[in-house]
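[1] Build me a model from this:
(chains A and B)
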There are 2 protein chains.
Amino acid sequence: MSVHPAASFSRAPALPFAEWPRLEKGWVWLCGAGPGDPGLLTLHALNALRQADVIVHDALVNEDILDWAPQAQRIAAGKRGGKPSAKQADICDTLIALARKGLRVLRLKGGDPFTFGRGAEEARALMAAQVPLQVVPGITSGIGGLAYAGIPLTERGDNQAVTFVTGHDATGGPAASVNWPALAKLSDTIVVYMGMKHAGPISRALIPGGRAPDEIVSIVMSATTSAQRVIVSRLDRIEADILAAGLEPPALLVIGKGVLIPGQAAPRVTLHPFSIAAE
Amino acid sequence: MSVHPAASFSRAPALPFAEWPRLEKGWVWLCGAGPGDPGLLTLHALNALRQADVIVHDALVNEDILDWAPQAQRIAAGKRGGKPSAKQADICDTLIALARKGLRVLRLKGGDPFTFGRGAEEARALMAAQVPLQVVPGITSGIGGLAYAGIPLTERGDNQAVTFVTGHDATGGPAASVNWPALAKLSDTIVVYMGMKHAGPISRALIPGGRAPDEIVSIVMSATTSAQRVIVSRLDRIEADILAAGLEPPALLVIGKGVLIPGQAAPRVTLHPFSIAAE
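    Numbering: from 1, shown residues only, chains lettered A, B, ... in the order given. Predicted coordinates:
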């Protein structure tokens, strides 16, 4: 990363409110950390980081963000997409146990906790256990990651609807419960989370649904981080292009819109954040 | 709002990075301000606020946020949904003129600039004018506002797709270009931005598409602000319930999922952020 955490916590921010919400003992705050760039953290999440006794974080949460809370114990609870997810119950049990010890618990999830993040399950488990809970939304990669890649999610007059789907479901296979023909007919932007692994089956489901084989697909890998890569392909070539480019998860597929800069195969991207300087 | 801006700018935050990006003279930063609660601002947006010479802001941007940049000139450029939008070209011209004067320009938009925010048009206009541009995504109300209302956007095993649509199009009428029957058949969560005015026509388009007349619709008004109100209705009653409740725009419609707290018509909501304390 080209950003640098403060050398010591004494340089951490004095937040601009006179009064910030307290992360009380025995509470869990379920916070989104955004897609990667620490600058996309919210002020509420930063406030939570400063107060936490323990942080239970996903694998995708940027280390620089965790370094802003040197006082907190860290527990890695990440799961990568496509893997068996038996551990979700363990994560919930851990959160409940930590809160019952009277700790200030920050559950920090990549992106937004309620957008394909299984945060709803965690919230329900905490509520069932009578653990008090606060939810802080975060920037999801399907929005923030696309912006960094120079891809506008919506364009007036061009798309009035955008759909976010998961590329795989609870089985680890391509999401069988998604009505791909209906999705194809919405004729607007489709953003597929964790879609790289099943890009082939997804494109083969969309084309018979009415999408053009040469429709543009962009793939955004490791959005908003220093590892970000953006590849522009088309529906009928996406699988081969992913292989050829050697892309790795996590990656977003974006179907239906081009990139912001016409005629440019891959936009110039600078981190923190996307920018374009005139020639 | 129950939050309080710092009494003076001297109490504004020292940001936690050693090096923050500079908002250079003659540049425009196109930033999302989030759905309302100042605590949902990103660190990058706060960094931009501190440096701006001039802020061109939407009507929906919280005054408390603007108060964090007392050094900056403010230009209100807001448009409300459904109104004629002839002024968009004026907004673009203003941004270009300010940048050409050599000012540090912050274009601050409610929510996320690329999510039904016409930010793409502004970005294209700036690029055409050779004005250097940086884009900072924000939390969109369709994600952050729902979280504050206690409504999980996605639930594993329950919905693998979520669609964001605009309730009206460029004509001010209900979005004619949306394929409502196809949208209905996606069988997942639908979030309608600016959907209150056309809630009746939208529900009447979705029911013949296959949605149950008694399917739950939540309406979230003024999400994440002190004026937030959440009403739970059903597709075949939504129009009457909006009238009876006296709701005002801006409001989101959420079709397809209930609220997080089973059996509770309207969740208890505290600001900054949604929280649930055990009884």
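
[2] Wait, residue A:119 touches residue A:109, no?
    Yes: with contact defined as CB atoms under 8 Å, residue A:119 reaches residue A:109; the gap is 6.1 Å. Quick note: C-beta positions are derived from backbone N, CA and C, even for glycine.

[3] got any residues that touch both of those two?
    Taking CB atoms under 8 Å, 6 or more residues apart in numbering or on different chains as the contact rule, the neighbours common to residue A:119 and residue A:109 are residue A:30.

[4] Show me where chain A has its helices.
    Assigned helices in chain A, in chain order: A:43-51, A:63-66, A:88-100, A:119-128, A:141-148, A:180-185, A:199-206, A:238-245 (criterion: DSSP state H).

[5] now the last one: mean pLDDT?
    Across helix A:238-245, the average pLDDT comes to 88.

[6] Who are the packing partners of that helix?
    With contacts taken as 3 or more CB pairs under 8 Å, 6 or more residues apart in numbering or on different chains; DSSP states H and E, helix A:238-245 sits against helix A:199-206, strand A:216-221, strand A:229-234.

[7] And the third one, by the same measure?
    Contacts defined by 3+ CB pairs under 8 Å, 6+ apart place helix A:88-100 against strand A:28-32, strand A:54-57, strand A:105-109, helix A:119-128.

[8] what about the ones you listed, which gets the closest to chain B?
    Among the helices and strands packed on helix A:88-100, helix A:119-128 comes nearest to chain B, with 3.5 Å by CB to the nearest CB.

[9] Next, the angle strand A:28-32 makes with that closest one.
    Relative orientation of helix A:119-128 with respect to strand A:28-32: 170 degrees, computed using axes from the mean of the first three to the mean of the last three CA atoms, to 10 degrees.

[10] before we move on, the earlier item: please convert the helices and strands packed on helix A:88-100 to a markdown table, extending it with distance to chain B.
    A markdown table is the format used below for the helices and strands packed on helix A:88-100 (distance: least, CB to the nearest CB, whole Å):
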| stretch | distance to chain B |
| --- | --- |
| strand A:28-32 | 8 |
| strand A:54-57 | 15 |
| strand A:105-109 | 12 |
| helix A:119-128 | 3 |
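
[11] Tell me which of those sits nearest to residue A:46.
    Residue A:46 lies closest to strand A:28-32 among those, at 9.6 Å (CB to CB).

[12] Just checking: what are the partner strands of that closest one?
    When pairing is defined by DSSP bridges, strand A:28-32 lines up against strand A:105-109 (parallel), strand A:133-136 (parallel).

[13] Now do stretch A:104-117: distance to the chain's middle.
    Computed by CA atoms, centre = their mean, to the nearest Å, the chain-centroid distance of stretch A:104-117 equals 10 Å.

[14] quick revisit: dump the helices and strands packed on helix A:88-100 into a markdown table; add distance to residue B:152 as well.
    Shown next, in a markdown table, are the helices and strands packed on helix A:88-100 (distance: least, CB to CB, whole Å):
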| stretch | distance to residue B:152 |
| --- | --- |
| strand A:28-32 | 11 |
| strand A:54-57 | 19 |
| strand A:105-109 | 13 |
| helix A:119-128 | 3 |
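
[15] looking at these, which one has the lowest mean pLDDT?
    If these are sorted by mean pLDDT, helix A:119-128 sits at the bottom with a mean of 88.

[16] for the record, mean pLDDT for stretch A:156-167?
    Mean predicted lDDT for stretch A:156-167 stands at 82.

[17] end to end, how far does that stretch reach?
    27 Å (CA to CA, to the nearest Å).

[18] anything in that stretch sitting right up against chain B?
    Yes: using CB under 8 Å from any CB of the partner chain, stretch A:156-167 reaches chain B at A:156-157, A:160-166.

[19] picking that back up, quick one: which of the helices and strands packed on helix A:238-245 is nearest residue A:192?
    Across the helices and strands packed on helix A:238-245, closest to residue A:192 is helix A:199-206 (CB to CB), at 6.2 Å.

[20] still on that earlier bit, quick one: which of the helices and strands packed on helix A:88-100 is nearest residue A:255?
    Of all the helices and strands packed on helix A:88-100, strand A:28-32 sits nearest to residue A:255, with 24.4 Å by CB to CB.

[21] Pull up the per-residue confidence for the most centrally placed residue in chain A.
    The residue lying closest to the centre of chain A (CA atoms, centre = their mean) is residue A:111, at 3.3 Å. Residue A:111 is assigned 95 on the pLDDT scale.

[22] mind checking which of the helices and strands packed on helix A:88-100 is nearest residue A:214?
    The nearest among the helices and strands packed on helix A:88-100, by CB to CB, is strand A:28-32 at 35.6 Å.

[23] Same list (the helices of chain A) but as CSV, adding distance to residue B:151.
    Shown next, in CSV, are the helices of chain A (distance: least, CB to CB, whole Å):
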stretch, distance to residue B:151
helix A:43-51, 18
helix A:63-66, 26
helix A:88-100, 20
helix A:119-128, 9
helix A:141-148, 18
helix A:180-185, 22
helix A:199-206, 27
helix A:238-245, 33
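
[24] closest to residue B:149 out of the ones you listed?
    It's helix A:119-128; of the helices of chain A, that one is closest to residue B:149 (CB to CB) at 13.0 Å.

[25] which residues are contacting the closest one?
    A:28, A:30, A:88, A:91-92, A:95-96, A:99, A:107, A:109, A:112-114, A:133, A:135, B:152, B:154-156, B:260-261, B:276.

[26] again, 6 Å this time
    Applying CB atoms under 6 Å, 6 or more residues apart in numbering or on different chains, the contact partners of helix A:119-128 are A:28, A:30, A:92, A:113-114, A:133, B:152, B:155.

[27] same thing with stretch A:202-218?
    So stretch A:202-218 is contacted by A:151, A:180-181, A:184-185, A:232-236, A:238, A:253-255, A:258 (CB under 6 Å, 6+ apart).

[28] Surely residue A:29 is in contact with residue A:47?
    No: the pair residue A:29 / residue A:47 is not scored as a contact, 9.3 Å apart, by CB atoms under 6 Å.

[29] If you count surrounding residues, which of these two has more?
    The neighbour comparison of residue A:29 against residue A:47 (other CB atoms under 10 Å in any protein chain shown) goes to residue A:29, with 28 against 22.

[30] Could you measure from the nearest residue to residue A:186 once chain neighbours are set aside over to residue A:219?
    Spatial nearest neighbour of residue A:186, excluding adjacent residues (CB to CB, 6 or more residues apart in numbering or on different chains): residue B:182 at 5.1 Å. Applying CB to CB, to the nearest Å, the value for residue B:182 to residue A:219 is 25 Å.

[31] and if you look at residue A:112?
    Applying CB to CB, the value for residue A:112 to residue A:219 is 21 Å.

[32] Which one's more surrounded, these two?
    Legend: neighbour count by other CB under 10 Å for residue A:112 and residue A:219, higher for residue A:112 (32 against 23).

[33] Now do stretch A:224-239: distance to the chain's middle.
    16 Å.
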